[in-house]
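1. give the three-dimensional model of this entry:
(chains A and B)
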Amino acid sequence: MEDKRECYLMKGNEAIAHAAIRCGCDGYFGYPITPQSEVLETLSALKPWETTGMVVLQAESEVAAINMLYGGGATGKRVMTSSSSPGVALMQEGISYMAAVEIPAVIVNVQRGGPGLGTIQPGQADYLQATVGGGNGDYNTLVLAPASVQDMADFVDLAFQLAFKYRNPTIILSDGVIGQMMEQVFLPPVKPRRTEEQIWEECPWAANGHRLKQRKPNIFSSLEMEAVSMEQRNIKLQEKYELMRQTEQRSSTFMCDDVEYLFVAFGSVSRCAEEAVTILRQEGHKVGLLRAITLWPYPEKELNRILPTIKKILVCEMNSGQMINDVKLAVNCQRPVYHFGRMGGVVPSPDELVDAMKGIIFDKN
Amino acid sequence: MTREEIIQSENLVMAKPRLMNDTTMHYCPGCSHGVVHKLIAEIIEEMGLEEKTIGVCPVGCAVFAYRYLDIDWQEAAHGRAPAVATACKRLWNDRLVFTYQGDGDLACIGACETIHALNRGEKITVIFINNAIYGMTGGQMAPTTLVGMKTSTCPYGRDPELHGYPLNITELATHLEGTAYVTRQSVHNVMAIRKAKAAIKKAFTNSMNGIGSNLVEIVSTCSTGWKKSPVEANKWMEDNMFKFYQIGDLKDVRR
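-> Alright, predicted model coming up:
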C-alpha cells in the first residue's frame, strides 16, 4: 500500500515548528539562542498567523517569553516556547509560577553544554533542573525526552495533551544533537486550532475575560498569606503529581528479553547506546537498552519489570551523573549501577559505550 | 421622612461601583490605590466590558487587586505583567487587557518588560501607581524615589552619588514609537480624580480600538511609607512629587 503520510528531510528544530502549527498551537513566544533558533526562524518563515491564526512573537528575553506563556496559558490557549540551557535557566521563575497555579504550556529545551554560558555543543546536564522542579518551591513538570527528529515532531502534540490533561507545564527536554541533525520525518496530521467555544468547554478555569452568567471570576494567583492554606495547595499539587507518576511513565526497550547487562540512556545518547548494544550482541554479550522517554515521571515500573535477568546496569548520559540517581532509586540497591558520562558538550561515540560496558561486564566485583 | 422613603433610586447621588467586591481592603488610610481601583471598576462598567476584561496584577501593594474587582485576573511574577498582558491581548484581541503596577514592579525589576511591551505597541493599558517608595515590603527606596527623600534603605535621603537618580519612565515612554497615549495624573482631590478617570477611560478606549500602547501614571501617596498623615501626604506630594513628576498628558497621538 502506498504511504500517504507527508515525509520530509529536516532538522529537529524545524520539525518542532512544523508540528506546532499542525497540532493547533495558538501561540509561540521565544528568544533566539543557539542551538535552537531554527524553531523561531522556521515559524517566522512559515507565517502561520496568515493560515491557522497562530501568534508568533519574538520576545525581549526568555524571562518575558515564559511570562507570555503564563498569560496565554492562563487564558486556556495552547502556548509554547523553546530555548536552550542558559535561556531555560532564566525561565525557571515563570515555570514555578505556572506549576503553582496549574497553567498548561509546552517548553522545549534544546540543551547545550554548561555550566554558565557553556558551549553551543549538545549536552544533557539540565536533567536535574527539569525533573526535580528547577524553580522555587515543591513542584514537578512532565518531562519528555525525544531521541529523533520524528520524536520532535510527535512530542509537541503529546506534550500539549499532557499539559492540558493535568493542567501542568510540560517540558520537551531535547539536546543539540536532536535539534540540529537532519532525519527523515513524517509530519503529524493537521489539526485545527480550537474555537473560542471549544476553549470555554475545555477550560472553564481560564481567565480570558469570558464571564458566563453566574460564573465567578477566574483568578490566577499563587499567593497565600496563611501557611496552612499554602500547605493545602501543596497537598493538592502533590496528589496530582502522584497520579501523574502512576499514569504517565513512558519508556522503550531494545534487546531486553534476556538482558544481563543493561544500558539506561535518554535522548541522543540512547541512539549511541542502541548502536553499542548491536555491537556487543554481535560479540555474544547479553546486553540491552532501556530508553527513558518520560524523565519525570521516571519509568521505574518498566525498569523493575525487566530487572529479574539483569546483573549490572550502566547509565550513560552527557553529564556528570544526573539520571543515575533516578535509576538507583528505582532499583533500590538490588543491582549495582554504574555511570558513564561525557560533559561540556562532548557526545560519546558508540565505541566508548561499548568499552565502558565491557569494563563492567569483565569487572569481577 | 422614613428611612424607606429616603432609599429610592431617584435620590441616589453616589454608589459603590457594581464591580467592586464587598471585601475589606488591605490598603492603608490615605492610600491612592483604593480610589484608582474604584475608577477602573466604574470605567469597565460604563464601557460594558465586564465580560471582556482581563486584569494583570503586580507584586507590590496591589498584589491583592484581584480581591477587589469582580473581573478575571492573572497575578504576574514581579515585574512581568506587561509580558503576561502581551500574550493575553495577542491571543484574545477583542478583550480589554490592562496591567496595574507599582513603581518598583514597573520601573525597576520590570523595566525591560515595560519598555518593550510599550515599544511594540501592544494594544494594552498600563496603569502605573507611582508613590516613590516600596510600600508592601515596608518603605524601601524605589526607582522613582526623589533625590533627598528618606526611605528605609536611604535613611539619610537619596544621594545620586550613592543611589543613582530617580527614573522618569513615563517621560521615557513618550519617546517610544509604540505608545499612543502617555499621561500622568493624580487622585488627591475631586478635580484630579475626575481628570484621572477621563485619562484611564481614554486609555481603555484606545486599547479596545487597537490604538497603540497606553500608559497612565498616577502620582500617588503612601502616607505609611512616607510616615505622614493622609492630609500631610497629599500636601507633601503637591509640594515635592509634582515638581519632578509633572501632571498632565505627555503624549497623545490622536490629538
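2. quick one: name the residues of chain B near chain A.
-> For chain B, the residues in contact with chain A under the definition Cβ under 8 Å from any Cβ of the partner chain are B:50-54, B:56-57, B:63-64, B:66, B:70-77, B:80, B:83-88, B:90-92, B:95-97, B:112-113, B:116. The C-beta positions use only the backbone N, C-alpha and C, and glycine is treated the same way.
3. repeat that for 6 Å
-> Within reach of chain A by Cβ under 6 Å from any Cβ of the partner chain, chain B has these residues: B:51-54, B:66, B:70-75, B:77, B:80, B:83-84, B:86-88, B:90-92, B:95, B:112-113, B:116.
4. narrow those to those in helices?
-> For these, membership in helices holds for B:83-84, B:86-88, B:90-91, B:112-113, B:116, with DSSP state H as the criterion.
5. show me where the stretch 201-350 of chain A has strands.
-> A:219-220, A:251-254, A:261-265, A:287-292, A:294-296, A:312-317, A:337-341 (DSSP state E, counting those that start in this stretch).
6. what's the closest of these to B:Ile218?
-> Between B:Ile218 and the strands of the stretch 201-350 of chain A, the shortest separation by Cβ to Cβ is 23.2 Å, and it involves strand A:219-220.
7. check whether the closest one contacts chain B.
-> Yes. When contact is scored as Cβ under 6 Å from any Cβ, part of strand A:219-220 falls within range of chain B: A:219-220.
8. backbone torsions only: list them for residue 175.
-> Just so you know, I chose chain A. Backbone torsions of A:Asp175, given as degrees, to the nearest 10, read phi -150, psi 170.
9. wait, chain B was what I had in mind.
-> The phi/psi pair for B:His175 (degrees, to the nearest 10) is phi -90, psi 0.
10. for burial, what's the neighbour tally of the nearest residue to B:Asn189 once chain neighbours are set aside?
-> Beyond its immediate neighbours in the sequence, the residue positioned closest to B:Asn189 (Cβ to Cβ, 6 or more residues apart in numbering or on different chains) is B:Asn234, lying 7.7 Å away. Neighbouring residues of B:Asn234 were enumerated by other Cβ atoms under 10 Å in any protein chain shown; the total is 20.
11. could you say which helix or strand holds B:Asn234?
-> Here B:Asn234 sits within helix B:230-236, counting by DSSP states H and E.
12. how far off centre is the helix or strand just after that helix?
-> From helix B:230-236 onward toward the C-terminus, using DSSP H and E, the following helix or strand is helix B:242-244. If you compare the mean C-alpha spot of helix B:242-244 with that of the full chain, they lie 17 Å apart, counting by Cα atoms, centre = their mean, to the nearest Å.
13. cool, and stretch A:192-206?
-> Taking mean C-alpha positions (Cα atoms, centre = their mean), stretch A:192-206 and its chain are 25 Å apart.
14. and that stretch, end to end?
-> The first and final residues of stretch A:192-206 sit 20 Å from each other (Cα to Cα, to the nearest Å).
15. cool, and stretch B:211-228?
-> Taking Cα to Cα as the measure, stretch B:211-228 stretches 40 Å from start to finish.
16. contacts for it, please.
-> Outside stretch B:211-228, the residues within contact range by Cβ atoms under 6 Å, 6 or more residues apart in numbering or on different chains are B:28, B:30, B:32, B:36, B:118, B:121-122, B:124-131, B:133, B:135, B:139, B:170, B:173, B:178-186, B:199-200, B:203, B:206-207, B:230, B:233, B:236-237, B:241, B:245.
17. quick one: pLDDT of A:Leu307?
-> If you check A:Leu307, the pLDDT there is 98.
18. who's in contact with it?
-> Shown in contact with A:Leu307 (Cβ under 6 Å, 6+ apart): no residues.
19. out of the residues of chain B next to chain A, which end up buried?
-> Burial of the residues of chain B next to chain A was assessed by neighbour count (16 or more other Cβ atoms under 10 Å in any protein chain shown); the buried members are B:52-54, B:66, B:70-75, B:77, B:80, B:83-84, B:86-88, B:90-92, B:95, B:112-113, B:116.
20. for the helix ranked longest in chain A, what is the average pLDDT?
-> Secondary structure of chain A per DSSP H: the longest helix is helix A:227-247. For helix A:227-247, the per-residue pLDDT values average out at 98.
21. kindly format the C-alpha coordinates of that helix as PDB.
-> Taking Å, rounded to 0.1, in the frame of the first residue of the first chain, the C-alpha atoms of helix A:227-247 are listed here in PDB:
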ATOM      1  CA  ALA A 227       0.900  28.900  55.800                       C
ATOM      2  CA  VAL A 228      -1.800  26.300  56.300                       C
ATOM      3  CA  SER A 229      -3.600  27.400  53.200                       C
ATOM      4  CA  MET A 230      -0.400  27.300  51.200                       C
ATOM      5  CA  GLU A 231       0.200  23.800  52.600                       C
ATOM      6  CA  GLN A 232      -3.300  22.700  51.400                       C
ATOM      7  CA  ARG A 233      -2.400  23.900  47.900                       C
ATOM      8  CA  ASN A 234       0.800  21.900  48.100                       C
ATOM      9  CA  ILE A 235      -1.100  18.800  49.200                       C
ATOM     10  CA  LYS A 236      -3.400  19.200  46.200                       C
ATOM     11  CA  LEU A 237      -0.500  19.600  43.800                       C
ATOM     12  CA  GLN A 238       1.300  16.500  45.300                       C
ATOM     13  CA  GLU A 239      -1.800  14.400  44.800                       C
ATOM     14  CA  LYS A 240      -1.800  15.400  41.100                       C
ATOM     15  CA  TYR A 241       1.900  14.600  40.800                       C
ATOM     16  CA  GLU A 242       1.300  11.200  42.300                       C
ATOM     17  CA  LEU A 243      -1.500  10.500  39.800                       C
ATOM     18  CA  MET A 244       1.000  11.500  37.000                       C
ATOM     19  CA  ARG A 245       3.600   9.200  38.500                       C
ATOM     20  CA  GLN A 246       1.200   6.300  38.400                       C
ATOM     21  CA  THR A 247      -0.200   7.000  34.900                       C
END
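22. mind listing what A:Phe254 touches?
-> Per Cβ under 6 Å, 6+ apart, neighbours of A:Phe254: A:274, A:277, A:289.
23. let me have the residues you listed in a markdown table, adding distance to chain B as columns.
-> Rendered in a markdown table, the data for these read as follows (distance: Cβ to the nearest Cβ, whole Å):
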| residue | distance to chain B |
| --- | --- |
| A:Glu274 | 40 |
| A:Val277 | 45 |
| A:Leu289 | 41 |
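24. where does pLDDT dip in the stretch 101-250 of chain A?
-> The stretch 101-250 of chain A contains residues with pLDDT under 70 at A:212-214.
25. who in it is up against chain B?
-> Contact residues, the stretch 101-250 of chain A versus chain B (Cβ under 6 Å from any Cβ): A:207-209, A:211, A:217-221.
26. which two from the residues you listed end up farthest apart in space?
-> Pairwise distances across those (Cβ to Cβ) peak at 17.8 Å, for the pair A:Arg211 and A:Ser221.
27. could you pull out the buried residues of stretch A:130-142?
-> Within stretch A:130-142, the residues scored as buried using 16+ other Cβ under 10 Å are A:130-131, A:133-135, A:139-142.
28. name the nearest of those residues relative to chain B.
-> Within these, proximity to chain B (Cβ to the nearest Cβ) peaks at A:Gly135, which comes in at 10.1 Å.
29. and the pLDDT for B:Thr2?
-> Looking at B:Thr2, its pLDDT is 88.
30. could you do the one 4 residues further on as well?
-> Note for B:Ile6: predicted pLDDT of 85.
31. ok, now how distant is it from chain A?
-> 32 Å (Cβ to the nearest Cβ, to the nearest Å).
32. contacting residues around whatever residue of the stretch 101-250 of chain B ends up closest to chain A?
-> Among the residues of the stretch 101-250 of chain B, B:His116 lies nearest to chain A; the distance is 3.9 Å by Cβ to the nearest Cβ. B:His116 makes contacts with A:Glu60, as judged by Cβ under 6 Å, 6+ apart.
33. great, nothing more from me.
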